[in-house]
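Participant: Build me a structure from this.
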Amino acid sequence: MKLTRFEHLECWQEARRLTQLVYRTTNDGVFKKDLRLSGQIQAAAASCMANIAEGFIRRSDREFIQFLFIAMSSAAEVQSHLYIALDQNYVDEKQFEEIYEQANKTAMIISGLIKYLRNKSTKPTKLTKQTKQTRSTR
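Facilitator: Residues are numbered from 1 along each chain as shown. Predicted structure coming up:
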């Protein structure tokens, strides 16, 4: 089955879950009062989703891989911002772990897709009859 929409990608679906968790957490309690940090972590989560979608639309594995690396970096950015939120008592350990693990899961799936796309593009092509004959006469 050929994927025709970015919404069908598992990594995009997981990035969406990550974004939902981040927004739910940052729009609650004292976290929402820290506009700078809440905005940065929201932007990082949204960037993860957006870069997967944007890369998919490019229709080039090379460009898609480039955008997937950016998406994976955004997931790591979410994790880093989470430490600040934890240190400032904006999130408790349970919230921290839930979002951190979702970011990790998202990044791992993205990493798997990158590996798949790299392997797909380096597979040897089928030899044509003419190429086979040329090689056998050497």
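
Participant: Which parts of stretch 23-42 count as buried, going by neighbours?
Facilitator: Buried residues in stretch 23-42, defined by neighbour count with 16 or more other CB atoms under 10 Å: 25, 26, 31, 34, 37, 38, 40, 41, 42. Quick note: C-beta positions are derived from backbone N, CA and C, even for glycine.

Participant: Just say helix, strand or coil for the residue lying closest to the second one once chain neighbours are set aside.
Facilitator: If the residues on either side of it in the chain are set aside, residue 26 comes closest to residue 38, at 4.0 Å by CB to CB, 6 or more residues apart in numbering. Under the three-state scheme (DSSP: H, G, I helix; E, B strand; the rest coil), residue 38 adopts helix.

Participant: Now do the contacts for residue 38.
Facilitator: By CB atoms under 8 Å, 6 or more residues apart in numbering, the residues touching residue 38 are 26, 27, 31, 32.

Participant: go on, residue 26?
Facilitator: Contacts for residue 26 (CB under 8 Å, 6+ apart) come out as 32, 38, 41, 42.

Participant: Pick out the lowest-pLDDT one from the residues you listed.
Facilitator: Among the contacts of residue 26, residue 32 carries the weakest pLDDT, at 94.

Participant: low pLDDT regions in this structure?
Facilitator: In the prediction, the chain carries residues with pLDDT under 70 at positions 1, 123-138.

Participant: same thing but at 90, please
Facilitator: 1-4, 28, 59, 120-138 (pLDDT under 90).
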